[in-house]
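1. Build me a structure from this.
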Amino acid sequence: MDDGYWPLSILILVGFILIDAVLYGFGSAIQNLNVNSLEKEAEEGNERAGKLLRLINKPGEFINTVQVMTNIIGIVAGAYVMRQLGQLFQMLVKHSEDGHEMLVYSASVAAAGVIVLAVLISFGIVIPKKCGARKPEKWGYGVFSIVQVFVILLRPFTFLISALSALVLKPMGIDLNSDDDNVTQEDIMLMVNEGHEQGVLEAGEAEMITNIFELNDKEAGDIMTHRTNITALDASMSLDEAVTYILTEANNSRFPVFEKDIDDIIGILHMRDALGFAEKEENRRKNLKELDGLLRDAHFIPETRHVDTLFKEMQSQKIHMEIVVDEYGQTAGIVTMEDILEEIVGNILDEYDEDEEYISRRDDGSFIFDGLAPLDEVGEALDVEFDDEDYENYDTLNGFLISKLDRIPKEGEQLEVEYKNYLFKVLSVENKMIHAVTAVPVLEKKDETEAKN
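-> Just a heads-up that it's a prediction; the model follows:
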């Protein structure tokens with residue numbers, strides 16, 4: 001090997017590194033540029049900002065340029081630079097014996113390949129990409145002119161690539177120019193989770209974004225207030241009685257009004273309307289159903305109505321309460337605008353709401369659960385993962401325990417259910433519902449039994 005060739009090989013390798021650094025650093029920079037800032041600068045007359053925007057919006061030619069240049073560098077580096085550097089390494093191994101020249105040459109070429117690959121990737125790709133992401137404006141504006149030169153020089157190659165690709169893809173029904181980089185819900189959720197893990201998003205922010213996407217999968221029956229918990233008014237009640245009840249006992253501003261029973265809802269009474277009608281003395285003694293214009297129309301929806309479409313409907317029609325009806329035409333519950341918002345931001349309490357505590361902890365570390373405690377909250381408190389089937393079939397601890405008992409406990413009856421190293425003890429039953437439950441680890445229960453023995 002001529003000693004004058006290897007310095008040229010080093011220079012070619014350095015040139016390749018610089019070209020890779022410019023292209024990959026610029027590519028990373030345009031991915032991290034603030035598009036809104038670029039649009040503002042372009043509107044103010046910044047030509048380079050406008051050119052950058054056009055490239056960001058249609059990066060196809062730039063991507064093809066990077067691919068072509070990367071292949072050219074790979075071919076030349078493999079065919080010339082590695083060969084020359086391999087010969088240099090062979091020359092440096094002075095002590096090679098006769099018969100081992102081929103082995104020494106092969107090892108030299110392999111060593112040269114590893115070094116060239118490591119240097120190209122480190123200084124031509126990894127480091128420039130990190131720098132471009134860290135300072136996107138500096139890289140984007142700084143090397144844009146150089147990138148344009150490469151794009152122009154390689155345009156014949158990129159045009160040929162696009163033409164051949166279109167020739168193959170068109171019969172397959174694939175448009176080469178279409179934007180297939182649509183961001184899916186899964187992509188967004190991955191970004192949200194990653195942002196939360198890296199501390200970019202607070203736990204509450206990440207949870208709120210997750211809840212918004214989960215609205216698509218929820219139905220009215222999943223978020224409604226069950227019929228047994230509805231505060232409703234009898235249509236035969238006088239207006240005076242209704243106003244007294246609203247002001248002294250109720251915490252709501254809207255009330256379903258039924259005629260025969262809760263399955264026969266005839267309208268919605270708004271507190272403001274009730275107070276307005278009550279200003280006239282003759283109205284106070286009349287029944288709610290006798291006062292024309294007092295009750296507002298009740299809107300009925302099936303249990304299967306998706307929450308996201310329901311929210312849009314209620315928002316556009318200015319409806320604040322919907323009556324949820326089951327497949328038999330009976331009232332299953334009600335959904336309010338507040339119920340939907342709580343699915344996104346969490347529980348909303350005002351100064352009149354009582355904070356419902358479903359779970360309380362004793363001094364000894366054990367828990368007492370309300371029968372209506374959500375099953376997921378029970379699992380979180382006990383660090384127990386209920387089966388997916390249980391989550392699908394039951395919302396509350398009461399429903400879960402009744403399914404395990406296979407019957408409804410009688411009042412005063414105290415029963416036990418063992419589940420995943422915990423013994424659930426029924427403390428009280430009211431109105432055919434388990435009212436209070438305590439959970440004791442199975443090991444503690446065995447210790448208590450042994451102590452008694």
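
2. where exactly do the strands run in this protein?
-> Defined through DSSP state E, the strands belonging to the chain, from first to last, are 225-226, 233-234, 254-258, 265-270, 300-302, 321-325, 331-336, 359-361, 367-370, 416-419, 422-430, 433-441.

3. Can you say which of these is nearest to Tyr391?
-> strand 416-419 (13.7 Å; C-beta to C-beta). C-beta: built from backbone N, CA, C; applies to glycine.

4. wait, what's in contact with Ala332?
-> Under the criterion of C-beta atoms under 8 Å, 6 or more residues apart in numbering, the contact list for Ala332 reads Gly221, Met224, His226, Arg227, Glu303, Val324, Val325, Asp326.

5. Now the fifth one. Nearest residue, chain neighbours left out?
-> Closest residue to Glu303 apart from its sequence neighbours, by C-beta to C-beta, 6 or more residues apart in numbering: Gly221 at 3.5 Å.

6. Report how many residues lie close to that neighbour.
-> Gly221 has 18 neighbouring residues, counting by other C-beta atoms under 10 Å.

7. List the contacts of it.
-> Shown here is Gly221, whose contacts under the criterion C-beta under 8 Å, 6+ apart are Glu303, Thr304, Val324, Ala332, Gly333.

8. Against His306, how distant is it?
-> Between Gly221 and His306 the computed distance is 11 Å (C-beta to C-beta, to the nearest Å).

9. Spit out the residues that contact those two alike.
-> Contacts common to Gly221 and His306, judged by C-beta under 8 Å, 6+ apart, are absent.

10. what ranges do the helices span in the stretch 201-350 of the chain?
-> Ranges of helices in the stretch 201-350 of the chain, per DSSP state H, counting those that start in this stretch, are 203-214, 220-223, 239-248, 271-277, 281-284, 307-317, 337-345.

11. I figured Asp20 hits Gly74, correct?
-> No. Here Asp20 lies out of contact with Gly74, judged by C-beta atoms under 8 Å, at a distance of 10.2 Å.

12. So if I had to pick from the two, which one is more boxed in?
-> Neighbours of Asp20 and Gly74, each counted by other C-beta under 10 Å, are more numerous for Asp20; the result is 20 against 13.

13. what sits against that one?
-> Applying C-beta under 8 Å, 6+ apart, we find Asp20 in contact with Met69, Thr70, Ile73, Leu120, Gly124, Ile125, Pro128.

14. Narrow the residues you listed to those in helices?
-> With DSSP state H as the criterion, helices contain Met69, Thr70, Ile73, Leu120, Pro128 from among those.

15. For those, please prepare a markdown table with the additional fields distance to Lys40, neighbour count and pLDDT.
-> Converted to a markdown table, these look like this (distance: C-beta to C-beta, whole Å; neighbours: other C-beta atoms under 10 Å; pLDDT from 0 to 100):
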| residue | distance to Lys40 | neighbour count | pLDDT |
| --- | --- | --- | --- |
| Met69 | 32 | 21 | 81 |
| Thr70 | 34 | 18 | 79 |
| Ile73 | 37 | 21 | 77 |
| Leu120 | 38 | 21 | 79 |
| Pro128 | 27 | 25 | 87 |
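
16. Which member of those residues is positioned nearest Ala29?
-> When those are compared for distance to Ala29, the smallest value, 9.3 Å, is given by Pro128; criterion: C-beta to C-beta.

17. For burial, what's the neighbour tally of the closest residue to that closest one other than its chain neighbours?
-> Spatial nearest neighbour of Pro128, excluding adjacent residues (C-beta to C-beta, 6+ apart): Gly25 at 3.4 Å. Using other C-beta under 10 Å, Gly25 has 26 neighbouring residues.

18. what do you get for the one 4 residues further on?
-> Ala29 has 27 neighbours, counted by other C-beta under 10 Å.

19. my read: it touches Lys130, true?
-> No. Contact criterion C-beta under 8 Å: Ala29 and Lys130 do not qualify, at 10.9 Å.
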